[in-house]
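[1] Dropping the sequence and predicted coords here.
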Amino acid sequence: MGSITLDHVNKTFGGHPVIPDISLAIEDGEFVVFVGPSGCGKSTLLRLIAGLEDTTSGTIRLDGADMTDAPPARRQLSMVFQSYALYPHMSVYDNIAFPLKMANTDKATIDIKVREAARVLNLTDYLDRKPRALSGGQRQRVAIGRAIVRQPKAFLFDEPLSNLDAALRVNMRLEITELHQQLKTTMIYVTHDQVEAMTMADRIVVLNAGRVEQFGTPLELYRRPANRFVAGFIGSPRMNFIEGADAAGHDAHAIGVRPEHFRLSSTEGTWKGKVGVAEHLGSDTFLHVQTDAGLLTVRAPGDHTYEHGDDIYLTPEPDRIYRFDRDGRAVA
Amino acid sequence: MARAVSTQRKAGFTILAWLVALLIFFPILWTVLTSFKSEAEAIASPPTLIPNWTLENYIEVQSRSDYLLHFGNSVIISIGSTLLALLIAIPAAWSMAFAPARRTRDILMWMLSTKMMPAVGVLVPIYLIFRDAGLLDNVWGLTIILMLINLPIVIWMLYTYFKEIPVDILEAARMDGAILWKEIVYVLVPMAVPGIASTLLLNIILAWNEAFWTLNLTAARAAPLTAFIASYSSPEGLFWAKLSAASTLAIAPILLLGWFSQKQLVRGLTFGAVK
């Protein structure tokens, strides 16, 4: 069991509110991702849940029990750090065994559990090594092994993949998602990478300046962003925003159109423009088009025929235009 | 050509280094040499460099005083005060390095400032306290006072080493269920072993050589080797050769310790200087 409830949690550092007031309910077994730009308070929020930081006010409940003032050791949560934070003086075996030793588990049980975790994570051949003799991906797996071995109420991941190279990152992303499906334990995962958030999460919390901008499933956030911030943050390349007369025509302060929601034509359309930079990805091409409405990014098929300097007409798909009021809130 | 110049410069610096080293080492060398001379030879003018190699001073010193008693006292005082200081300093340095408060910096500076105060300034009150507590001429009294004297340095050194340890690893231990003392014993201390070892060595050396408090607070029973040396500078006049023999006996153990642990000491003292 591992439900986590935050009730009006507030955190202030030296008089400066990092998290003004957050309430969240994370259900047992959910994979929740905290995503947001750097400095948005997502790591602080995770550390508050972990107990590594004290809350200034508000309550944190784990499975209904008030854990606001409990030390990390009593919360039965496991954490995987960005820096791996392995114990450099211990072997891989001892690293994974450490949480069990702290819980006074008997030696025979420790041995069974450590070997089982090592088997699942393909670490069996490395049990005698010290962390410094491992590659980045292996170190990350040891950190995960250390987290899963004592069956915590929930796993907390603090940007665990940002020190890995791109290929390994995709692999580990799959492994962590796979792990969640096997264990069905609550996971909270902090990242600034919206692709990681979209691909891994059951639900995403989008944070900005210590506030929850929106809490929902990846597709909800993509299809029905609550405001301009979420609309711009979720989706890659990011949504185009158009203000002024074009927006007024839709009865809004600003309208947003995702790059994949344009119809392209060389003869007619809503906005006329000139093709600037074209980024070829093979499957898609991102065209940066200078139009009357500003610089717009468009996702075109990989085999399109537009070249730098060509004239192009862009028409937004009518049912895919997002409207925002003056405060950035989405208008239904 | 540039190469040749650089070789010349290197040779120059090497010679300079040797000269400085010799200058520092000369008094010790002279003491050791004098200890093997007769009293007459020791004060001869011009002095002789190579002695006649007599052991009479050592025999005399051995018969006049109990070297082993003083040696034992020195060992108890220096090791005892160091271990006691570490026991207090490790948790203190932990809190200053990993849980600093608004005034931590000030406390550290204040502790250091106590080392700038001349010791004699507090001699009378400490003497009176020791007298009333029955700690005069007592090894445990000396152990406590030397621990207090060196505690600021020990805390400062450990604080510097602990600052180099990533706080993530300690937090990982907390998440893994370690309570505070387990975090310190199983994670922090093993990671800081090089720093703790050099702090330990340096502090043993400082305590071994401490002469102000050991001379003023002891008479006979608890006197360590520093007081043993001092007993050879008598009102009847200096007996250079015997004094030298006593000094040689007093510094030999610590010199050997320093010699065998010099790698650890150098590493410890230059820790954090180069990353």
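    Great, that's in hand. Residues are numbered from 1 along each chain as shown, chains lettered A, B, ... in the order given.
[2] Give me the three-state assignment for residue A:17.
    Recorded secondary structure, residue A:17: strand (DSSP: H, G, I helix; E, B strand; the rest coil).
[3] Number of residues surrounding it?
    Look at residue A:17: counted by other CB atoms under 10 Å in any protein chain shown, it has 14 neighbours. Every C-beta, even on glycine, is put in place using the N, C-alpha and C of the backbone.
[4] Which positions in the stretch 101-250 of chain A make contact with chain B?
    A:102, A:103, A:146, A:150, A:156 (CB under 8 Å from any CB of the partner chain).
[5] Quick check: buried residues in stretch A:28-38?
    A:29, A:30, A:31, A:32, A:33, A:34, A:35, A:36 (16 or more other CB atoms under 10 Å in any protein chain shown).
[6] Narrow the residues of the stretch 101-250 of chain A next to chain B to just the buried residues.
    Counted by 16+ other CB under 10 Å, those give A:102, A:146, A:150, A:156 as buried.
[7] For the helix or strand where the last one lies, what does the pLDDT average out to?
    Which is residue A:156. Residue A:156 belongs to strand A:154-158 when elements are defined using DSSP states H and E. Mean per-residue pLDDT for strand A:154-158: 95.
[8] Ok, stretch B:115-133 next?
    Rounded mean pLDDT across stretch B:115-133 is 91.
[9] Report the buried residues of that stretch.
    B:126, B:130.
[10] what about residue B:52, distance to chain A?
    55 Å (CB to the nearest CB, to the nearest Å).
[11] Give the other helices and strands that the strand holding residue A:156 contacts.
    With contacts taken as 3 or more CB pairs under 8 Å, 6 or more residues apart in numbering or on different chains; DSSP states H and E, strand A:154-158 sits against helix A:42-50, strand A:77-80, strand A:186-191.
[12] Next SSE downstream of it?
    helix A:166-183.
[13] relative to strand A:186-191, how tilted is that next one?
    Interaxial angle, helix A:166-183 versus strand A:186-191 (axes from the mean of the first three to the mean of the last three CA atoms, to 10 degrees): 160 degrees.
[14] can you list the residues that contact helix A:166-183?
    A:31, A:136-137, A:140-141, A:144, A:148, A:157, A:160-161, A:164, A:187, A:189, A:196, A:199-200 (CB atoms under 8 Å, 6 or more residues apart in numbering or on different chains).
[15] just checking, residue A:109 is part of a strand?
    No - under three-state DSSP, residue A:109 falls outside any strand and is assigned helix.
[16] before we move on, the earlier item: now the helices and strands packed on strand A:154-158 in CSV, with mean neighbour count?
    Formatted as CSV, the helices and strands packed on strand A:154-158 follow (neighbours: other CB atoms under 10 Å in any protein chain shown):
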stretch, mean neighbour count
helix A:42-50, 23
strand A:77-80, 27
strand A:186-191, 26
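[17] Out of the buried residues of stretch A:28-38, name the ones that lie in strands.
    A:31, A:32, A:33, A:34, A:35 (DSSP state E).
[18] who are the neighbours in contact with the closest residue to residue B:219 other than its chain neighbours?
    Closest residue to residue B:219 apart from its sequence neighbours, by CB to CB, 6 or more residues apart in numbering or on different chains: residue B:137 at 4.6 Å. Contact analysis of residue B:137 by CB under 8 Å, 6+ apart lists B:217, B:218, B:219, B:220, B:221, B:222, B:223.
[19] Quick one: the ones in strands among the buried residues of stretch A:28-38 as CSV, columns for pLDDT and distance to chain B too.
    Below are these laid out as CSV (pLDDT from 0 to 100; distance: CB to the nearest CB, whole Å):
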residue, pLDDT, distance to chain B
A:31, 97, 19
A:32, 97, 18
A:33, 96, 19
A:34, 96, 17
A:35, 95, 21
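[20] before we move on, which element is the nearest residue to residue B:50 once chain neighbours are set aside in?
    Of all residues not flanking residue B:50 in the chain, residue B:33 sits nearest, at 7.5 Å (CB to CB, 6+ apart). Assigned by DSSP H and E, residue B:33 falls within helix B:2-35.
[21] rewinding a little: and the contacts of residue B:137, which is closest to chain A?
    Of all the contacts of residue B:137, chain A sits closest to residue B:222, with 39.5 Å by CB to the nearest CB.
[22] which regions of chain B lie under the pLDDT threshold?
    B:1-4, B:235-237, B:268-275 (pLDDT under 70).
[23] next one: the stretch 101-250 of chain A
    Ranges of the stretch 101-250 of chain A meeting pLDDT under 70: none found.
[24] ok, now which ones touch residue 33?
    Reading this off chain A. Residue A:33 touches A:188, A:189, A:190, A:191, A:196, A:197, A:200, A:201, A:203, A:204, A:205, counting by CB under 8 Å, 6+ apart.
[25] Chain B, not that one
    B:49, B:50, B:51.
[26] pretty sure the last one contacts residue B:34?
    Pointing back at residue B:51 there. Yes - applying CB atoms under 8 Å, one finds residue B:51 in contact with residue B:34, separated by 7.3 Å.
[27] So for those two, which residue has more residues nearby?
    residue B:34 (24 against 16).
[28] export stretch B:50-59 as CSV, just CAs?
    Output in CSV follows, covering the C-alpha atoms of stretch B:50-59 (Å, rounded to 0.1, in the frame of the first residue of the first chain):
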residue,chain,number,x,y,z
ILE,B,50,81.3,13.7,14.9
PRO,B,51,81.0,12.5,18.5
ASN,B,52,83.1,9.9,20.2
TRP,B,53,80.0,7.7,20.4
THR,B,54,79.5,7.1,24.1
LEU,B,55,76.3,5.8,25.6
GLU,B,56,77.1,7.1,29.1
ASN,B,57,74.4,9.8,28.9
TYR,B,58,71.7,7.3,28.1
ILE,B,59,72.8,5.0,30.9
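[29] Give the buried residues for it.
    B:51, B:57, B:58.
[30] Please list the members of the residues of the stretch 101-250 of chain A next to chain B that lie in strands.
    Those of these lying in strands (DSSP E): residue A:156.
[31] which one of the residues of the stretch 101-250 of chain A next to chain B sits closest to residue B:234?
    residue A:102 (61.5 Å; CB to CB).
[32] OK, contacts around the closest one?
    With CB under 8 Å, 6+ apart, residue A:102 has these contacts: A:73, B:173, B:176, B:177, B:178, B:182.
[33] Using CSV, lay out those together with distance to residue B:241, secondary structure and neighbour count.
    As requested, the contacts of residue A:102 are arranged in CSV below (distance: CB to CB, whole Å; DSSP: H, G, I helix; E, B strand; the rest coil; neighbours: other CB atoms under 10 Å in any protein chain shown):
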residue, distance to residue B:241, secondary structure, neighbour count
A:73, 64, helix, 21
B:173, 58, helix, 25
B:176, 63, coil, 29
B:177, 65, coil, 25
B:178, 59, coil, 22
B:182, 57, helix, 18
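[34] check contacts around residue 67.
    No chain specified, so I'll use chain A. Going by CB under 8 Å, 6+ apart, residue A:67 touches A:51, A:60, A:61, A:74, A:75.
[35] Chain B was what I was after
    By CB under 8 Å, 6+ apart, the neighbours of residue B:67 are B:61, B:228, B:249.
[36] Please tell me how far it sits from residue B:225.
    Distance of residue B:67 to residue B:225, computed by CB to CB, to the nearest Å: 8 Å.
[37] Touching both of those two, which residues are there?
    Going by CB under 8 Å, 6+ apart, residues that sit against residue B:67 and also against residue B:225 are residue B:249.
[38] neighbours around residue B:77, how many?
    So residue B:77, with other CB under 10 Å, has 30 neighbours.
[39] Ok, residue B:140 next?
    Around residue B:140 there are 12 residues (other CB under 10 Å).
[40] leaving aside the residues next to it on the chain, what's closest to it?
    Here the residue nearest residue B:140, using CB to CB, 6+ apart, is residue B:80, at 7.8 Å.
[41] All good on my end, thank you.
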